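> sequence-free structure coming up:
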């Protein structure tokens with residue numbers, strides 16, 4: 001906040017900044033600070049005046065709107081390319097294209113990715129991050145991993161998901 005205020009002062013132009021400050025009662029809240037230079041007849045800055053407006057409610061509303069928009073996108077976005085037949089009992093969608101590599105889509109519903117992946121040991125960090133996202137109930141998109149198809153050949157899978165409660 002002090003750096004932004006210095007930059008406004010150095011520019012000699014009006015400016016504004018948002019900052020989270022502790023209010024008189026000890027509560028931290030967002031404020032919008034606006035400053036305007038007062039100039040004399042020669043154009044020199046005599047002093048600054050301004051205002052501080054509590055915008056905590058606005059910030060909370062903006063965050064709620066972002067979360068609502070994200071939820072809407074999660075529901076409204078089409079599933080990833082290749083998704084097809086829903087496995088209704090589990091809520092998963094498994095691509096019918098897996099038949100081409102010798103995997104029955106009906107056999108995958110409810111099977112964790114790491115149980116069929118061939119790269120769990122060779123890429124442990126990727127899998128650690130993926131499981132952390134799952135544990136945190138975060139959505140994931142286009143997670144690519146290598147598995148072994150029903151024909152015994154390496155097959156790459158792309159998986160996306162979001163948990164619904």
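Everything's here; your move. None of the values given here were measured: they were computed from a predicted structure.
> so residue 31 bridges to which residues?
Beta-bridge pairing of residue 31 under DSSP bridges involves residue 19, residue 54.
> wait, it sits on residue 59?
No: assessed by C-beta atoms under 8 Å, residue 31 is found out of contact with residue 59, at 9.8 Å. Quick note: C-beta positions are derived from backbone N, CA and C, even for glycine.
> what's the spacing between the top helix by length along the chain and its chain's center?
When the chain is parsed with DSSP state H, its longest helix is helix 56-76. Chain-centre distance of helix 56-76: 12 Å, with C-alpha atoms, centre = their mean, to the nearest Å.
> name the helices or strands packed onto that helix?
strand 28-39 (3 or more C-beta pairs under 8 Å, 6 or more residues apart in numbering; DSSP states H and E).
> which strands and helices sit next to the strand it packs on?
helix 2-11, strand 15-22, strand 45-54, helix 56-76.
> angle of it against helix 56-76?
120 degrees (axes from the mean of the first three to the mean of the last three C-alpha atoms, to 10 degrees).
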